[in-house]
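>>> Quick one, what's the 3D model for this:
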Amino acid sequence: MRYDEDQRGYPPGQPDHYDDGYHAGGSFMPGFEGPEGADGPDGHEDGGWDDQAGWPQPEPRGGRGRGRNRRGRQQYQEELDQEEEEEPERRVRRHRIRWMAPWIAALVILTPIAVGGYYAYSFYQSKYHPADFTGAGYGSVMVEVNSGDTATSLAPELLNNGVIASDRAFVLAAEHSTNTQGLVPGTFRMHKHMQATLAYAMLVNPANVVEFTARIPEGLRATDIIARLAAADPHISPSAYQQALKNLSALGLPPYAHGKPEGYLYPDTYQIQPNASALSVLQQMVQSFNLEAGAVNLTQNAHPDQVIIVASLVQAEGGSVSDYPKIARVIYNRLAQGMKLQLDSTVLYGLNTYGILARGTQLQSDSPYNTYKFKGLPPGPIDSPGAAAIQAALNPAAGNWLYFVTVDPKTKLTKFTSSYTQFLEFEQELRHNTTTGR
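Residues are numbered from 1 along each chain as shown. I've put the predicted structure just below:
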């Protein structure tokens, strides 16, 4: 084939023309020399053939063009060599990427599934198989159950105190319990690390309530009541009760008490919780009095304070409960006639002493509670009367008696009369019974 100037299709990057010698009518066939020998007809070397590309590479005219062509081939060869050197590294990287791709994809897919499965399993375990201890536990933990508490509301406190292992275990114990009454209000002495079912069983049994019982009989003075309260619960000292008695605004006394707790600490049996304070115990007693006063409509009386004073006198002087209304009538009759009450119990109270009969100098005491010296009622109650004495003060028996004497303190036999002479006989009978030890 002839390569003319006008023909194209030369290999890329090659000159688009050959030397003028080829245009002069010379012929060329790859792989053969021209008729002139090793050199071309124009004297060119046979090095114009490109062994790599397979195309004839005529050298451009002049030395400058030939140098540029050689530098181009050299640069091209260097690029090929560099690509051959980089090819193994690219192959390694591609191999690593191909190897890691499925693992990365699996990780992306499986991670949410694993996390979701973990939380689902944890939820299932916590709901149906929550953490729980075994056995009755050890140590001692005081737990307070308030009225209205449920397993759900109490569980956090038990958990914080180390009694149970989880809230849910305790709630499940309550749900599976055969007890239908629920938690019992009160204070319980529990243990650490208790099995939830045992903990719940303890809290629904009233026999497990820890409390101190204080039995306060009728007719005790406030000082005696404090002593009994302190003896029943050694956690609260007598001085704490005495201090609480001074907190008059906090006791809850009725207005007609005039700030004096004597007579308003209602006699009853009280259960003192382990966490109770002296003030809370006394408040409970005053509250009991207020409830009793409301039940008998005490405030409907014109002088409720005088009713309580009379009731305390009846309580102190009385023998049997059946005599209370008569004793109340004697007090009211003497007050109505302006007579001194002349009650030994008031004299002894004013002197802060005890006994049955006031004697000698005691009767000369200047105490306002000396009803032998002063007319009218004493300044306040001398003890805490019970319901029967309050009822007697509100509803005294009908009669004209002006005197009474409990002639036999042991049998509480009490005699009534309107005659002063007969009264002296009753007193003599009392002295005889007290001196002979009857």
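>>> could I have stretch 349-359 exported to CSV, CA atoms only?
Provided in CSV are the C-alpha atoms of stretch 349-359 (Å, rounded to 0.1, in the frame of the first residue of the first chain):
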residue,chain,number,x,y,z
TYR,A,349,-52.5,16.1,142.8
GLY,A,350,-51.6,19.7,143.7
LEU,A,351,-48.8,18.4,145.9
ASN,A,352,-47.7,15.9,143.2
THR,A,353,-48.1,13.0,145.5
TYR,A,354,-50.3,9.9,145.7
GLY,A,355,-52.6,8.4,148.3
ILE,A,356,-56.2,7.9,149.3
LEU,A,357,-56.6,10.4,152.2
ALA,A,358,-55.0,13.9,152.5
ARG,A,359,-53.8,14.5,156.1
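>>> Any idea how far stretch 335-349 is from the middle of the chain?
56 Å (CA atoms, centre = their mean, to the nearest Å).
>>> Also stretch 226-238?
Counting by CA atoms, centre = their mean, stretch 226-238 comes out at 29 Å from the chain centroid.
>>> List of residues touching it?
With CB atoms under 8 Å, 6 or more residues apart in numbering as the test, stretch 226-238 has contacts from 212-216, 220, 241-242, 245, 270, 272, 274, 276-278, 281. C-beta: built from backbone N, CA, C; applies to glycine.
>>> in stretch 395-413, what counts as buried?
P396, A397, W401, L402, Y403, F404, V405, T406, V407, D408, L413 (16 or more other CB atoms under 10 Å).
>>> do the same with stretch 269-284
Y270, Q271, I272, Q273, A276, A278, L279, V281, L282, Q283, Q284.
>>> Switch those over to JSON lines; also include distance to G252.
As requested, the buried residues of stretch 269-284 are exported to JSON lines (distance: CB to CB, whole Å):
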{"residue": "Y270", "distance to G252": "15"}
{"residue": "Q271", "distance to G252": "19"}
{"residue": "I272", "distance to G252": "17"}
{"residue": "Q273", "distance to G252": "18"}
{"residue": "A276", "distance to G252": "15"}
{"residue": "A278", "distance to G252": "14"}
{"residue": "L279", "distance to G252": "10"}
{"residue": "V281", "distance to G252": "12"}
{"residue": "L282", "distance to G252": "9"}
{"residue": "Q283", "distance to G252": "6"}
{"residue": "Q284", "distance to G252": "9"}
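>>> Out of these, flag the one nearest to V115.
Q273 (48.6 Å; CB to CB).
>>> That closest one contacts R189, doesn't it?
No - at 11.8 Å, Q273 does not count as touching R189 under the criterion of CB atoms under 8 Å.
>>> what residues are shared contacts of those two?
In contact with both Q273 and R189: V210, using CB under 8 Å, 6+ apart.
>>> ranges for the strands of the stretch 151-300 of the chain?
186-192, 212-215, 269-272 (DSSP state E, counting those that start in this stretch).
>>> Identify whichever of these lies nearest to M339.
Among the strands of the stretch 151-300 of the chain, the nearest to M339 by CB to CB is strand 212-215 (37.1 Å).
>>> which ones are touching P379?
P368, Y369.
>>> what about it, helix or strand, and which?
For P379, there is no helix or strand it lies in under DSSP states H and E.
>>> which non-adjacent residue is nearest the residue sitting nearest the centre point of the chain?
Nearest to the mean C-alpha position of the chain, counting by CA atoms, centre = their mean, stands E157 at 4.7 Å. Take E157 and drop its neighbours on the chain: the residue closest to it by CB to CB, 6 or more residues apart in numbering is V143, 7.0 Å away.
>>> so that neighbour sits in a helix?
No - per DSSP: H, G, I helix; E, B strand; the rest coil, V143 lies outside any helix segment and is strand.
>>> is it true that it touches F188?
Yes - taking contacts as CB under 8 Å, V143 lies within contact range of F188: 4.9 Å.
>>> hang on, isn't A244 packed against L279?
Yes - the pair A244 / L279 is scored as a contact, 4.2 Å apart, by CB under 8 Å.
>>> what about the stretch 101-250 of the chain, any weak spots by pLDDT?
Applying pLDDT under 70 to the stretch 101-250 of the chain flags residues 114, 116-128.
>>> which residues in it form helices?
In the stretch 101-250 of the chain, the segments counted as helices under DSSP state H, counting those that start in this stretch are 151-160, 167-175, 196-203, 222-232, 238-245, 248-251.
>>> Now do the buried residues in the last one.
Just to be clear, that refers to helix 248-251. L251.
>>> starting at the chain centroid, how far to it?
29 Å.
>>> do stretch 175-189 as well
Taking CA atoms, centre = their mean, one finds stretch 175-189 lying 18 Å from the centre of the chain it belongs to.
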